[in-house]
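Enquirer: What follows is a predicted protein model with its sequence.
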2 protein chains.
Amino acid sequence: MFYLIGLGLGDAKDITVKGLEIVKKCDKVFLEGYTSILTVGQEVLETFYGRPLIVADRDLCESNIDDILKEAKVKDIALLVVGDPLGATTHTDMLLRAKEFEVETQIVHNASIMNAVSCCGLQLYNFGETVSIPYWTETWKPNSFFEKILGNYKRNLHTLCLLDIKVKEPTEESITKKVRQYMDPKFMSVKEAARQIIQIIENHSDETDITIDTLAIGLSRVGAPDQKIKAMALKDMQKLELGPPLHSLVIPARNLHPLELDYLAQFR
Amino acid sequence: MFYLIGLGLGDAKDITVKGLEIVKKCDKVFLEGYTSILTVGQEVLETFYGRPLIVADRDLCESNIDDILKEAKVKDIALLVVGDPLGATTHTDMLLRAKEFEVETQIVHNASIMNAVSCCGLQLYNFGETVSIPYWTETWKPNSFFEKILGNYKRNLHTLCLLDIKVKEPTEESITKKVRQYMDPKFMSVKEAARQIIQIIENHSDETDITIDTLAIGLSRVGAPDQKIKAMALKDMQKLELGPPLHSLVIPARNLHPLELDYLAQFR
């Protein structure tokens, strides 16, 4: 059996009882380490589960998954994923390949930022499509995510912006070489995200509904005891320090429900 | 301390380890029983937790919450909620009142249908705004949810439709009387939801992008071992039996990603 188990968002104890039981009985347990992170590291999880974990990086999940799945035909193997296991395309793809290999699968769901974002008081059913904000480079500055935020804003919907994560990314110089070198991991902050959005606003050919004075909500370490939520204008958010990763950004709809306004007030 | 604890979607073991520890140590634990249900009942939860639960109906959550919160100033009290605790407005409102009373609060997140719906293979970031489909009566047949589905469809986004739940609803005759009488609980099925949508399509003044031949996905008991997912035209879905509640319906975007199509194929 191949298990995909969500770890939730905070620390070791955010796994479900069902998930923990499976982790304890499996022959091999992989920890996926490149689409998201918990506030605790591998060692803390290993101590809590009382068993070793094998870190699964992008290479392992994308190139070597077939070997893992073949083994799962005769053994119990789990892949632990921060948040909910089906938040990222990679894992849906794994389930399809498992079906090809006739490997049985089970999913153990958990909280993800896609639903836990409601901790800022905005109602989930008022969110439009979610966007991802990628790290810009000197030569690559995509801004299609901004059009989606604008689209939601015009329909009076909130937008959850997932911020870029770079873990075990090969350096540009090593990408064609046999021995890969890797960049230090980096996690986009709400400050960096706000800066990129403001650059887009400033370069926009015509005036947009979203300006540097538009309200934004910065969230960090949602689900952890030291979770932080701050609401302020975009122009102020580009100076905001919200501590260690992960960060998420929300651009709320223009007209908020009274209950949403009341709730947000505590984060101003 | 006042704890809001998500129970996830399936059975007793879908609570998180953190949630379970809190349930065991609290002075009083309420089980919210009117916004959603698990596949197991109160007795199974009580046995699993090794403690009694107090069922909290709508009256208790909306009218008597102040008494509970006042007690939470000096005692540890938890309210258990199916799914994630912040999926429904009621619970956000509770947290605001807790703040007024200066009661400390903690939220323990869990999976909700808002993220677990990804089990059908559609990518979460391709979902537009979520809609609720209410039970129609002879005299009240709202159809504004259909315009929202159409809006998502036109932008090539999926729509998650949450289906109505009626638990401990007073009968119309008793609503003005001292002694309330209650209707049997009922939970809208994908069949009933498809029928209401088809009625709207048939009564629509002009042709809509969504027709009786549009693809729909029916889901039941997401997260439970006997979870069911079926994909078919709306006209066929109005005859589909998907077993016991809860049910959810998805109207996918017109143009699906190849991976989404591959994944959906197994549910045709």
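Expert: Looks like it came in fine. Residues are numbered from 1 along each chain as shown, chains lettered A, B, ... in the order given.

Enquirer: hey, what's residue A:250 bridged with?
Expert: residue A:160, residue A:217 (DSSP bridges).

Enquirer: Can you show me the strands along the stretch 101-250 of chain A?
Expert: A:105-108, A:131-133, A:159-163, A:165-166, A:186-187, A:215-220, A:228-233, A:247-251 (DSSP state E, counting those that start in this stretch).

Enquirer: Mind putting the ones you listed into CSV with mean neighbour count and mean pLDDT?
Expert: In this view, the C-beta of every residue, glycine as well, is placed from N, C-alpha and C. Shown next, in CSV, are the strands of the stretch 101-250 of chain A (neighbours: other Cβ atoms under 10 Å in any protein chain shown; pLDDT from 0 to 100):
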stretch, mean neighbour count, mean pLDDT
strand A:105-108, 20, 96
strand A:131-133, 19, 97
strand A:159-163, 24, 97
strand A:165-166, 16, 90
strand A:186-187, 16, 92
strand A:215-220, 24, 98
strand A:228-233, 18, 98
strand A:247-251, 24, 98
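
Enquirer: how about JSON lines for those strands, with distance to residue B:13 added?
Expert: Conversion of the strands of the stretch 101-250 of chain A to JSON lines gives the following (distance: least, Cβ to Cβ, whole Å):
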{"stretch": "strand A:105-108", "distance to residue B:13": "9"}
{"stretch": "strand A:131-133", "distance to residue B:13": "33"}
{"stretch": "strand A:159-163", "distance to residue B:13": "29"}
{"stretch": "strand A:165-166", "distance to residue B:13": "30"}
{"stretch": "strand A:186-187", "distance to residue B:13": "32"}
{"stretch": "strand A:215-220", "distance to residue B:13": "29"}
{"stretch": "strand A:228-233", "distance to residue B:13": "30"}
{"stretch": "strand A:247-251", "distance to residue B:13": "29"}
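
Enquirer: Indicate which one of the ones you listed is closest to residue A:39.
Expert: strand A:215-220 (10.1 Å; Cβ to Cβ).

Enquirer: Pull that closest one out as CSV, backbone CA atoms only.
Expert: Coordinates of the C-alpha atoms in strand A:215-220 are reproduced here as CSV (Å, rounded to 0.1, in the frame of the first residue of the first chain):
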residue,chain,number,x,y,z
LEU,A,215,-5.5,46.6,2.2
ALA,A,216,-3.4,43.4,2.4
ILE,A,217,-3.1,40.8,5.0
GLY,A,218,0.2,39.1,5.8
LEU,A,219,0.2,35.7,7.6
SER,A,220,3.2,33.7,8.9
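
Enquirer: show me the contacts for the closest residue to residue A:223 other than its chain neighbours.
Expert: Here the nearest residue to residue A:223 in space, its sequence neighbours aside, is residue A:9; by Cβ to Cβ, 6 or more residues apart in numbering or on different chains that works out to 3.2 Å. By Cβ atoms under 8 Å, 6 or more residues apart in numbering or on different chains, the contact list for residue A:9 reads A:38, A:82, A:83, A:111, A:112, A:113, A:116, A:222, A:223, A:224, B:109.

Enquirer: For the residues you listed, which two are the farthest from each other?
Expert: Once Cβ to Cβ is applied, the contacts of residue A:9 give A:112 and A:224 as the farthest pair, at 14.3 Å.

Enquirer: Of the two, which one has the most company?
Expert: Neighbours per residue, other Cβ atoms under 10 Å in any protein chain shown: of residue A:112 and residue A:224, the larger number sits with residue A:112, 31 against 17.

Enquirer: State the distance from the more buried one to chain B.
Expert: Using Cβ to the nearest Cβ, to the nearest Å, residue A:112 is found at 5 Å from chain B.

Enquirer: I'd guessed that residue sits against residue A:35; true?
Expert: No - using Cβ atoms under 8 Å, residue A:112 makes no contact with residue A:35, being 10.8 Å away.

Enquirer: Quick check: residues of the stretch 51-200 of chain A near chain B?
Expert: Contact residues (Cβ under 8 Å from any Cβ of the partner chain) of the stretch 51-200 of chain A with chain B: A:84, A:86-87, A:89, A:92-93, A:95-96, A:99, A:107, A:109-112, A:114-116, A:118-119, A:121, A:123-132, A:151, A:155, A:157, A:162.

Enquirer: returning to what we had before: from the contacts of residue A:9, keep the buried residues only.
Expert: Neighbour counting with 16 or more other Cβ atoms under 10 Å in any protein chain shown marks A:38, A:82, A:83, A:111, A:112, A:113, A:116, A:222, A:223, A:224, B:109 as buried within the contacts of residue A:9.

Enquirer: any idea how far the second one lies from residue A:223?
Expert: Taking Cβ to Cβ, to the nearest Å as the measure, residue A:82 and residue A:223 are separated by 10 Å.
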